[in-house]
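K.L.:
no FASTA, just this:
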């Protein structure tokens, strides 16, 4: 009996040959059980830095990415495109250790968004001389109220 070409099936790791489905063996493990001891030790290093430091660093990289994006808006170039991509990527990477400290995305995500918003407005106001309108200030105050309500 001759079998046809092997192709990837609907599940990762499942192979189908000439209309026959090969059995798929999967094991579901907790992410933390899969981590090796060395990797856990490295995660402990990330936990040694307070969540507030990670949040501020992430928001600052986000604001830096906004700065580069604004420059790109004035003078589009591949260099600025890749710079913005890299800086936003670093900011996202710096966000991840926050969740090691407190895995509550509603609260921590809101904290990040407020910090990023304040940093972005500061870059617009201080660097690009953009006006901050009273409506925007009200929005910031309401964002802080939302954070208080989410944290309660």
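P.N.:
Nice, thanks for sending it over. Because the structure is predicted, anything quoted here is derived from the model rather than measured.
K.L.:
List of residues touching stretch 91-102?
P.N.:
The contact list for stretch 91-102 (C-beta atoms under 8 Å, 6 or more residues apart in numbering) reads 43, 46-47, 49-51, 54-55, 57-62, 64-65, 105, 108, 112. For every residue, glycine as well, the C-beta is placed using N, CA and C.
K.L.:
Just the buried residues from those, in ChimeraX please.
P.N.:
Applying 16 or more other C-beta atoms under 10 Å to the contacts of stretch 91-102, the buried members can be selected in ChimeraX as follows:
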select :51,54,55,57,58,59,60,61,62,64,65,108,112
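K.L.:
Restricted to helices, list the contacts of stretch 91-102.
P.N.:
43, 46-47, 51, 54-55, 57-62, 64-65, 105, 108, 112 (DSSP state H).
K.L.:
So, low pLDDT: which residues of the protein?
P.N.:
Residues of the chain that meet the criterion pLDDT under 70 lie in 1-40.
K.L.:
all strands in it, in order from the N-terminus.
P.N.:
6-8, 15-17, 20-21 (DSSP state E).
K.L.:
centroid residue for the protein?
P.N.:
residue 92 (3.6 Å; C-alpha atoms, centre = their mean).
K.L.:
With residue 119 as the reference, measure out to it.
P.N.:
15 Å (C-beta to C-beta, to the nearest Å).
K.L.:
and what of residue 139?
P.N.:
According to C-beta to C-beta, residue 139 stands 15 Å off from residue 119.
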